[in-house]
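Peer 1: here is a sequence with its predicted model. Questions after.
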Amino acid sequence: MGHESYRRNRWYPGEVLGTALAYFACASLALVLTRFDGGIAVVWLAGSVLFARLQVTPHRRWAPLAFVCTPLAICASQLFGFKGLTGVGLPLLCIIEAVGAAWLMRRVFPRFGRFQSVAEVTAFIVVCGIMVPAVTALLAAVMTSAVRDIGFWSAWRDWYAGHALGFVVFAPPLLLFLRGDVAHWTRTAGTRVRKRTFGLLGLVLLASLVTFGQSRIPLVVVPFLPMIAATFRLGRFGAVSSIVIVILVGLGCSLAGLGPTALLAGGMALKLQVLQIYFASIVLLLLPLAAELYARRRIVERLHAAEALHRLVLDRMSDVVLRAGIDGTVRYASPSVERVTGYPAIELGGRPLFNLIVPDDLPMVLDTRRVVLAAPEESAIVEYRVIQKSGAIIWVESHVRAMVDADGNVSGTVSIIREVTERRHIVEALKQKAMTDPLTGACNRRAFDDALAALVASPPIGAEAGCLAVFDLDHFKRINDEYGHAAGDAVLVRFVAIVRAAVREGDLVARLGGEEFAVLLAGLSVERAQQVCERIRLRLGAGGVETSSGSVIAATVSVGIAPLSVDSDPERIVAAADIALYRAKRSGRNQSAAA
């Protein structure tokens with residue numbers, strides 16, 4: 001840790017001196033080759049050199065870079081450009097411009113430097129291509145117009161064009177080079193990639209030579225096709241390499257009097273400005289294109305990873321995932337479908353889903369599909385029988401939901417299917433046995449125990465397994481003592497009728513003994529189960545029970561609620577509900593409490 005901290009805070013004199021010498025060389029060449037009639041250089045690469053180095057350097061090491069570059073910038077100006085105080089002020093302004101642009105980019109886009117998104121490229125163009133050079137051009141125009149016979153706006157235009165285009169054209173390739181993109185490509189590219197790269201960049205070089213190596217035909221659009229091809233095939237590396245090739249060939253030939261700019265009427269300053277506009281248009285085309293391609297490539301990679309994970313999950317899960325079209329044709333079935341139906345997934349593809357369903361259950365399934373197709377935001381649960389490949393019939397539970405395409409139109413259904421044959425057999429066996437309380441018609445304790453065990457062992461598909469509600473009539477002994485056992489029996493019968501009217505058809509209502517009852521509310525959360533229990537409690541307390549003698553008995557009930565849990569023993573669930581019931585009793589009765 002200490003060694004890494006030392007490396008981060010260490011001052012690298014070679015890096016600083018190398019940047020300063022590169023700045024001096026670029027400034028000198030610009031002043032010698034692109035400064036005309038004693039004015040401002042119309043091509044300015046030095047600012048991009050310092051800007052790019054600052055972007056790849058920690059902020060705490062900016063001061064040495066700016067400090068060492070400043071005297072060399074002044075020296076270049078005194079030797080090849082403006083003399084005197086102007087030859088000091090303009091170089092200082094160039095240093096401030098590069099540092100200011102770098103600082104502002106760090107504030108606007110902290111992760112700037114890779115050109116990996118359109119937003120990053122846009123921020124760079126706005127800051128370095130518009131804002132910063134426009135401001136520094138005002139100060140430069142004041143200085144130069146005071147010592148030379150140059151109009152203020154002419155000086156402003158030359159400075160702004162040279163520095164804005166210099167940033168936009170030269171900074172991106174320098175940044176990507178300094179950040180190690182070229183070195184990374186050199187290390188990781190295989191032989192096939194290298195051959196393709198050299199072939200595409202060779203086409204860019206050939207097109208650039210054809211365009212700028214002659215002055216008869218203005219073939220300025222010729223390099224665009226191979227540059228775009230290199231960007232599509234090689235990404236940012238191809239885009240930046242193409243830009244560098246075109247800049248080197250175009251600038252060299254134009255300074256030699258060749259290329260499309262030779263056909264322009266005007267001085268070399270105008271020709272170089274037009275050339276830089278051409279270079280800038282290439283940068284503005286290729287960099288956003290490369291950024292968008294990079295972003296889309298990342299999206300595709302994430303989609304492939306998600307698809308691989310999706311396939312892995314589907315291959316391992318025991319439930320069947322099935323997608324069907326509007327017409328019921330199977331479009332996809334997970335591998336587990338073979339275990340459930342006996343049909344391999346590949347055999348079901350393109351077949352109608354309805355051929356597997358027992359004819360008697362088909363209308364119910366079709367009705368469920370129509371409901372979910374009409375309401376894509378809703379899902380439905382349906383149980384039906386399926387004919388296996390062997391001819392055997394099994395029960396399945398299916399959660400069905402509509403699929404919506406990119407245009408928002410319903411395109412079919414997706415189902416999660418679980419075999420529930422054993423659960424259905426248990427339920428049917430319970431119906432066949434005499435497991436009802438002879439007085440109230442509710443299930444007895446044995447039926448309740450079996451149903452609770454079955455529900456815990458095979459809960460419904462969904463987030464909630466369900467709840468157990470235990471009811472106990474308040475002061476029931478007093479009712480028997482005051483009104484007789486017949487009246488007490490009437491209260492019990494009336495209570496069961498109220499419960500059955502309040503719960504769903506499939507919910508099990510059982511009499512555990514005496515005045516104690518239980519209800520299994522499958523698939524309900526504790527909150528929803530408590531709402532159902534409160535409705536039962538209020539109905540019993542509001543109406544009372546009329547006996548055969550015409551008297552009305554006021555009765556109330558206390559309720560304890562406990563959630564079902566797959567990993568919990570049924571006895572513990574009942575105990576939890578009993579504890580909640582006793583808490584409701586101790587709190588004054590005629591109320592509900594949840595475990």
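Peer 2: That came through fine. Just so we're clear, the structure is a prediction, and the values are computed from it rather than from any experiment.
Peer 1: how about low-confidence regions in the stretch 101-250 of the chain?
Peer 2: Scanning the stretch 101-250 of the chain for pLDDT under 70 picks out nothing.
Peer 1: where exactly do the strands run in it?
Peer 2: Using DSSP state E, counting those that start in this stretch, no strands are found in the stretch 101-250 of the chain.
Peer 1: can you pull out the helices in it?
Peer 2: All helices of the stretch 101-250 of the chain, identified by DSSP state H, counting those that start in this stretch, fall at 118-126, 132-147, 152-178, 181-188, 191-212, 224-234, 236-255.
Peer 1: would CSV of those with distance to residue 97 and mean neighbour count be doable?
Peer 2: Bear in mind the C-beta positions are built from the backbone N, C-alpha and C, glycine included. As requested, those are arranged in CSV below (distance: least, CB to CB, whole Å; neighbours: other CB atoms under 10 Å):
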stretch, distance to residue 97, mean neighbour count
helix 118-126, 15, 17
helix 132-147, 4, 19
helix 152-178, 7, 23
helix 181-188, 25, 13
helix 191-212, 29, 17
helix 224-234, 29, 20
helix 236-255, 21, 22
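Peer 1: contacting residues for the residue nearest to residue 164 when sequence neighbours are not counted?
Peer 2: Residue nearest to residue 164 in three dimensions, not counting chain neighbours: residue 133, with 4.1 Å by CB to CB, 6 or more residues apart in numbering. Applying CB atoms under 8 Å, 6 or more residues apart in numbering, we find residue 133 in contact with 97, 159-160, 163-164, 167.
Peer 1: go on, residue 428?
Peer 2: Counted by CB under 8 Å, 6+ apart, residue 428 has zero contacts.
Peer 1: and residue 209, by the same measure?
Peer 2: Each residue near residue 209 by CB under 8 Å, 6+ apart is listed here: residue 249.
Peer 1: on that earlier part again, and of the helices of the stretch 101-250 of the chain, who's closest to residue 508?
Peer 2: helix 118-126 (58.6 Å; CB to CB).
Peer 1: chain center to the helix or strand harbouring residue 16, what's the gap?
Peer 2: Counting by DSSP states H and E, the element that carries residue 16 is helix 13-34. Offset of helix 13-34 from its chain centre (CA atoms, centre = their mean, to the nearest Å): 45 Å.
Peer 1: can you state the direction angle for it and helix 236-255?
Peer 2: Between helix 13-34 and helix 236-255, the angle comes out at 40 degrees (axes from the mean of the first three to the mean of the last three CA atoms, to 10 degrees).
Peer 1: packing partners of helix 13-34?
Peer 2: helix 46-55, helix 62-80, helix 268-316 (3 or more CB pairs under 8 Å, 6 or more residues apart in numbering; DSSP states H and E).
Peer 1: from those helices, which stretch is densest packed?
Peer 2: Between these, helix 46-55 has the highest mean count of neighbours, a mean of 25, where neighbours are mean count of other CB atoms under 10 Å.
Peer 1: against which helices or strands is it packed?
Peer 2: Against helix 46-55 (3+ CB pairs under 8 Å, 6+ apart) you get helix 13-34, helix 62-80, helix 86-108, helix 152-178.
Peer 1: now do the buried residues in the third one.
Peer 2: So that's helix 86-108. 86-91, 93-95, 97-102, 104-105 (16 or more other CB atoms under 10 Å).
Peer 1: still on that earlier bit, how far away is the residue nearest to residue 164 from residue 502?
Peer 2: From residue 133 across to residue 502, the span is 77 Å (CB to CB, to the nearest Å).
Peer 1: same check on residue 563?
Peer 2: 19 Å.
Peer 1: for residue 344, same thing?
Peer 2: On the measure of CB to CB, residue 344 and residue 502 end up 47 Å apart.
Peer 1: got it, and residue 576?
Peer 2: Taking CB to CB, one finds residue 576 at 22 Å from residue 502.
Peer 1: with residue 194 instead?
Peer 2: From residue 194 to residue 502 the distance is 76 Å (CB to CB).
Peer 1: ditto for residue 210
Peer 2: The value you get for residue 210 to residue 502, if CB to CB is used, is 87 Å.
Peer 1: check residue 193 too.
Peer 2: 71 Å.
Peer 1: tell me the SS of residue 381?
Peer 2: strand (DSSP: H, G, I helix; E, B strand; the rest coil).
Peer 1: not counting sequence-adjacent ones, nearest residue to it?
Peer 2: Nearest one to residue 381, counting by CB to CB, 6+ apart, is residue 399 at 5.5 Å.
Peer 1: and the pLDDT for the one you found?
Peer 2: With respect to pLDDT, residue 399 scores 90.
Peer 1: does it sit in a helix, a strand or a coil?
Peer 2: strand.
Peer 1: surely it meets residue 383?
Peer 2: No: using CB atoms under 8 Å, residue 399 is not in contact with residue 383, being 10.7 Å away.
Peer 1: how close does residue 552 get to residue 545?
Peer 2: In terms of CB to CB, residue 552 sits 7 Å off from residue 545.
Peer 1: higher neighbour count, these two?
Peer 2: When neighbours are counted by other CB atoms under 10 Å, residue 552 and residue 545 differ, and residue 545 comes out ahead with 21 against 10.
Peer 1: surely residue 326 meets residue 411?
Peer 2: Yes: applying CB under 8 Å, one finds residue 326 in contact with residue 411, separated by 6.9 Å.
Peer 1: who's more crowded, these two?
Peer 2: residue 411 (17 against 14).
Peer 1: distance of residue 406 relative to residue 413?
Peer 2: Counting by CB to CB, the gap from residue 406 to residue 413 is 17 Å.
Peer 1: in terms of neighbours, single out the busier of those two.
Peer 2: residue 413 (25 against 6).
Peer 1: secondary structure class for the more buried one?
Peer 2: strand.
Peer 1: specify the beta-bridge partners of it.
Peer 2: residue 324, residue 402 (DSSP bridges).
Peer 1: contacting residues for it?
Peer 2: Applying CB under 8 Å, 6+ apart to residue 413 gives the contacts 323-324, 369, 372-373, 400-403.
Peer 1: picking up where we left off before, with distance to residue 264 as extra columns, can I get the helices of the stretch 101-250 of the chain in TSV?
Peer 2: Output for the helices of the stretch 101-250 of the chain, formatted as TSV (distance: least, CB to CB, whole Å):
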stretch	distance to residue 264
helix 118-126	25
helix 132-147	23
helix 152-178	15
helix 181-188	34
helix 191-212	13
helix 224-234	20
helix 236-255	10
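Peer 1: name the SS class of residue 511, please.
Peer 2: Criterion first, three-state DSSP; result for residue 511: strand.
Peer 1: thought residue 447 was touching it, still the case?
Peer 2: No: taking contacts as CB under 8 Å, residue 511 lies outside contact range of residue 447: 9.7 Å.
Peer 1: who has more neighbours out of those two?
Peer 2: Between residue 511 and residue 447, counted using other CB under 10 Å, residue 511 has the larger neighbour count: 25 against 20.
Peer 1: okay, that one and residue 578: tell me how far apart.
Peer 2: In terms of CB to CB, residue 511 sits 15 Å off from residue 578.
Peer 1: pLDDT below threshold where in the protein?
Peer 2: 1-12, 309-310, 312, 314-316, 430-434, 459-463, 566-567.
Peer 1: where do the domain boundaries of it fall?
Peer 2: What automatic domain parsing lists as the domains of the chain is 1-168, 180-316, 318-419, 424-594.
Peer 1: kindly check the end-to-end length of the last one for me.
Peer 2: From its first residue to its last, domain 424-594 covers 29 Å (CA to CA, to the nearest Å).
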